[in-house]
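Colleague: Below is the sequence, then the predicted model.
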2 protein chains.
Amino acid sequence: MFKLNNNYLKLPGSYLFSTIGKKVNAYSVANPDKKIIRLGIGDVTQPLAPAIIQALHGAVDEMGRAETFRGYAPDLGYEFLRNAIADNDYKARGCDISADEIFVSDGAKCDSGNIQEIFSLDNRIAVCDPVYPVYVDSNVMAGRTGTYDANTETWSDVIYMPCTAANNFAPELPKETPDLIYLCFPNNPTGATVTKAQLQEWVDYANKVGAVIIYDAAYEAYISETDVPHSIYECEGARACAIELRSFSKNAGFTGVRLGFTVVPKELKCGDVALHGLWARRHGTKYNGAPYIVQRAGEAVYSEEGKTQLKKQVAYYMNNASYIYNGLKEAGFTVSGGVNAPYIWLQTPKGMTSWEFFDYLLENVNVVGTPGSGFGPSGEGYFRLTAFGSYENTVEAVDRIKGVRL
Amino acid sequence: MFKLNNNYLKLPGSYLFSTIGKKVNAYSVANPDKKIIRLGIGDVTQPLAPAIIQALHGAVDEMGRAETFRGYAPDLGYEFLRNAIADNDYKARGCDISADEIFVSDGAKCDSGNIQEIFSLDNRIAVCDPVYPVYVDSNVMAGRTGTYDANTETWSDVIYMPCTAANNFAPELPKETPDLIYLCFPNNPTGATVTKAQLQEWVDYANKVGAVIIYDAAYEAYISETDVPHSIYECEGARACAIELRSFSKNAGFTGVRLGFTVVPKELKCGDVALHGLWARRHGTKYNGAPYIVQRAGEAVYSEEGKTQLKKQVAYYMNNASYIYNGLKEAGFTVSGGVNAPYIWLQTPKGMTSWEFFDYLLENVNVVGTPGSGFGPSGEGYFRLTAFGSYENTVEAVDRIKGVRL
């Protein structure tokens, strides 16, 4: 008789954003006349930029003609895209990353869920708290996290690094030694960042203890301050200890287009074995490449027109971010984030729990955010709003929240 | 110090098609004047059908306008596509499968590699021999296959079901009891099929011993004989024991577009736990949906124009298949397949090994096929040719092979 992967059964509840979706849907069905404004899930709302639309149409036409039709993509991505990434995201910033260290994929969510597979099950992971749920959940599914304590909402074998107002939402080096360290800057959900000097400390630490940093830089396009690194490879020694995950979802609005990539430098080794080869093997065996038309769209992100258009798109969302930040601050909320990231992290008022505040906003002003506690125990008492809505909706949502009498 | 997933290190060599690619590339570089014809990897060559191109352009335009832009897709796929699949692939064939049992993905390769994740590591798998390499390799990576014997090219904990000329390339029920049974009909690589009555025996067997059948039906569009089932759900009791994998790669030429789906019926349970929920959790946590534009392309596959155009495309490839089949038979080869599948399976001449024949054809007539031994030990002495080339190339390849003096 077959048996299930019991690790799945250990997972408490459903995936955070599925739970929110169901709650909002139930409210919406019960109150069909209410106009709900969604500033919860980090989904973009602006249409794809003209340069990207043009590239997509061009690639679609190629797929319709025998002489330009493309079948299976190269396992690790088309050269044209890997070269554009290496040149623009790395070489232009002085990072020594070559095209063949870049693995094109259908998005950073998949990569951040799958990357743990190439590591031993007895590796110990460290995560920020609060944190993007995929890092922990994918390790739970693999059986790497021990037992769940429903009271503390923590796993026995996970090292949590609290990110709170006390440390300016930047984690401190953990007391216990981890094998895999998940870092995400600019941070989802808090919007916090670290300076290059701070990140260098992490790289030095990882190299010292023999840990791998899985560095999620999905939000790097939103960095506005000069001392905040865009890539971990700006730090010395990162090639020997860090994997970087990148997304086209937030810098180019590809949430529904699906494209991302992972960088695995060839120097990153366990003994004599390069992780590059293992990840290549995973890609070759369990993945079949991102669609040709989507990879052409990715290439257009790096064209001159694409860059100009997307800079405006990012500025549009960051204008929303500062509207939320300033509006809520004026209204007396304690807020952070929003300067180098499209997320605003606020303290819930009057000692409400995160979910209480979620329900309160949904029911009273029909605004959807994300409860901080959904990202981990240290997120309790916090709430995330995203700047990815339209400007009009963002203004209306902030005005509605300002109007509540708590 | 972090450690690797050592199961990866147990994998012998690289992924089969990567190895072939490297060999062909090396030959091509050394012999730039030779015109190589590739009938190796199962990649299509005909351009996307006009109905699909039209749907892609339409969806791209929607992504360029704010009022029709789409961000994250629903976790499990858009309703419009899941409904089209349920209606056309299942209800129209009398199979009781509903839209919410269909999980849209970026292809059957990913699904066939990932599906093992929801099962316990101590489940025992059974595979046909020869077999599509992903089934075994993904289980090796997970640590489910025991130790590798380089002499027999088999894994200690895998149950192999030889498919040879003696059993008409259809597996017999295994002597040892498996927990997970991988079946693929029409078969890759042999092109063999089973009748509905034969498949019913497998379903009855799985229900009797408490095994799950993972049924790969990626080639169902090529079925020409009436007693060959298109779906395992044509068999009674399959809802309680079978998962079905489907692809748009071969019926609609989506190898470079990436779309597939997996069916997990809600009746499929281990005790009280439905596998449907586990697979949904995996999708929600580690996957972020197929691109909107690609799902619209998938929908067009089921439109009247799409169906008519794709029927012609399949007929085009099947015409190639019969040309290869008949041509090689005339030339004295022992051939099978090619009637309900785009693959021709031939015995290597003069007792050559599969790789010897691969090298012989590559070097002497510049035709690339796939060595049967790459699919498993019982594939030794066999060779796979695909019908997915252009008609002109197919004719030339067959003529070249017919001309060799062995």
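Modeller: Yep, that arrived.

Colleague: Where do the helices of chain A begin and end?
Modeller: A:7-10, A:16-30, A:50-63, A:79-85, A:108-114, A:133-142, A:196-209, A:275-286, A:292-301, A:304-330, A:354-365, A:391-403 (DSSP state H).

Colleague: What average pLDDT does the fourth one get?
Modeller: Along helix A:79-85, the predicted local confidence has a mean pLDDT of 98.

Colleague: now swap in the shortest one and tell me
Modeller: For helix A:7-10, the per-residue pLDDT values average out at 96.

Colleague: now A:Pro229, nearest residue through space, not along the chain?
Modeller: With Cβ to Cβ, 6 or more residues apart in numbering or on different chains as the criterion, A:Pro229 has its nearest non-adjacent residue at 4.5 Å, and that residue is A:Lys196. C-beta: built from backbone N, CA, C; applies to glycine.

Colleague: what sits against that neighbour?
Modeller: A:227-229, A:234-235 (Cβ atoms under 8 Å, 6 or more residues apart in numbering or on different chains).

Colleague: what does A:Leu9 give?
Modeller: For A:Leu9, the contact set (Cβ under 8 Å, 6+ apart) comprises B:Val273.

Colleague: residues touching the residue nearest to A:Gly289 when sequence neighbours are not counted, list them.
Modeller: Distances taken as Cβ to Cβ, 6+ apart place A:Ala73 nearest to A:Gly289, at 3.2 Å, with adjacent residues excluded. By Cβ under 8 Å, 6+ apart, the contact set of A:Ala73 is A:288-292, A:295, B:256.

Colleague: Strands of the stretch 151-300 of chain A, start to end?
Modeller: Under the criterion DSSP state E, counting those that start in this stretch, the stretch 151-300 of chain A contains strands at A:154-155, A:158-162, A:180-184, A:212-216, A:242-247, A:260-263, A:269-270, A:273-274.

Colleague: And the contacts of the second one?
Modeller: Contacts made with strand A:158-162 from outside it, assessed by Cβ under 8 Å, 6+ apart, are listed as A:124-129, A:136, A:139, A:145-146, A:154, A:171-172, A:174, A:176, A:178, A:376-378.

Colleague: how about 10 Å then?
Modeller: Here strand A:158-162 makes contact (Cβ atoms under 10 Å, 6 or more residues apart in numbering or on different chains) with A:124-131, A:135-136, A:139-140, A:144-146, A:148, A:152, A:154, A:167, A:169-183, A:376-379.

Colleague: List only buried entries from these.
Modeller: A:124-131, A:135-136, A:139-140, A:144-145, A:148, A:154, A:169-171, A:174, A:178-183, A:376-379 (16 or more other Cβ atoms under 10 Å in any protein chain shown).

Colleague: Of those, which ones also sit close to chain B?
Modeller: Near chain B, judged by Cβ under 10 Å from any Cβ of the partner chain, the entries from these are A:124-125, A:136, A:140, A:178-181.

Colleague: And those, which two are furthest apart?
Modeller: Across those, the longest distance by Cβ to Cβ is 17.3 Å; it joins A:Val140 and A:Ile181.

Colleague: thinking again about what came up before, let me have the contacts of A:Lys196 in JSON lines, extended by distance to B:Val209, neighbour count and pLDDT.
Modeller: Putting the contacts of A:Lys196 into JSON lines (distance: Cβ to Cβ, whole Å; neighbours: other Cβ atoms under 10 Å in any protein chain shown; pLDDT from 0 to 100) gives the following:
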{"residue": "A:Asp227", "distance to B:Val209": "63", "neighbour count": "11", "pLDDT": "97"}
{"residue": "A:Val228", "distance to B:Val209": "58", "neighbour count": "21", "pLDDT": "98"}
{"residue": "A:Pro229", "distance to B:Val209": "56", "neighbour count": "24", "pLDDT": "98"}
{"residue": "A:Glu234", "distance to B:Val209": "57", "neighbour count": "17", "pLDDT": "98"}
{"residue": "A:Cys235", "distance to B:Val209": "55", "neighbour count": "24", "pLDDT": "98"}
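
Colleague: ok, those vs chain B, which is closest?
Modeller: A:Cys235 (18.3 Å; Cβ to the nearest Cβ).

Colleague: Could you find the residue in the stretch 301-406 of chain A that comes nearest to chain B?
Modeller: Nearest residue of the stretch 301-406 of chain A to chain B (Cβ to the nearest Cβ) works out as A:Ser390 at 7.7 Å.

Colleague: got a list of what that residue touches?
Modeller: A:Ser390 makes contact with A:37, A:45-46, A:316-317, A:320, A:396, B:66, according to Cβ under 10 Å, 6+ apart.

Colleague: can we see that at 6 Å?
Modeller: With contact set as Cβ atoms under 6 Å, 6 or more residues apart in numbering or on different chains, A:Ser390 has these partners: A:Thr45.

Colleague: per-residue confidence at it?
Modeller: Looking at A:Ser390, the pLDDT reads 95.

Colleague: which residue is nearest the centroid of chain A?
Modeller: A:Ala218 (4.9 Å; Cα atoms, centre = their mean).

Colleague: Tell me if I'm right that that one and A:Ser247 touch.
Modeller: Yes: A:Ala218 is in contact with A:Ser247 according to Cβ atoms under 6 Å; the separation is 4.0 Å.

Colleague: Are there residues contacting both of those two? Which ones?
Modeller: A:Ala108.

Colleague: in the lowest-mean-pLDDT helix or strand in chain A, what's buried?
Modeller: Lowest mean confidence among the helices and strands of chain A (mean pLDDT, DSSP states H and E): helix A:16-30, at a mean of 90. Applying a neighbour-count criterion of 16+ other Cβ under 10 Å, the buried positions in helix A:16-30 are A:16-18, A:20-21, A:23-24, A:27.

Colleague: And A:Lys208, how far from A:Leu173?
Modeller: 10 Å (Cβ to Cβ, to the nearest Å).

Colleague: Which residues of the stretch 151-300 of chain A lie near chain B?
Modeller: A:179, A:210-212, A:255-258, A:270, A:278, A:284-288, A:291-292 (Cβ under 6 Å from any Cβ of the partner chain).

Colleague: Can you flag the buried ones in these?
Modeller: The neighbour count (16+ other Cβ under 10 Å) marks A:179, A:211-212, A:255-258, A:270, A:278, A:284-288, A:291-292 as buried among these.

Colleague: ok, so of those residues, who is nearest A:Val367?
Modeller: For those, the residue nearest A:Val367 by Cβ to Cβ is A:Thr255; the value is 20.3 Å.

Colleague: thinking that closest one is in contact with B:Arg70, fair?
Modeller: No: the criterion here is Cβ under 6 Å, and A:Thr255 misses it with B:Arg70 at 8.6 Å.

Colleague: Low-confidence regions, chain A specifically.
Modeller: In the predicted model of chain A, residues A:14 satisfy pLDDT under 70.

Colleague: Tell me, how many residues neighbour A:Lys402?
Modeller: A:Lys402: 14 surrounding residues under other Cβ atoms under 10 Å in any protein chain shown.

Colleague: Could I get the buried residues of helix A:16-30 in JSON lines, plus columns for distance to A:Leu56?
Modeller: Putting the buried residues of helix A:16-30 into JSON lines (distance: Cβ to Cβ, whole Å) gives the following:
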{"residue": "A:Leu16", "distance to A:Leu56": "31"}
{"residue": "A:Phe17", "distance to A:Leu56": "26"}
{"residue": "A:Ser18", "distance to A:Leu56": "29"}
{"residue": "A:Ile20", "distance to A:Leu56": "30"}
{"residue": "A:Gly21", "distance to A:Leu56": "27"}
{"residue": "A:Lys23", "distance to A:Leu56": "34"}
{"residue": "A:Val24", "distance to A:Leu56": "30"}
{"residue": "A:Tyr27", "distance to A:Leu56": "35"}
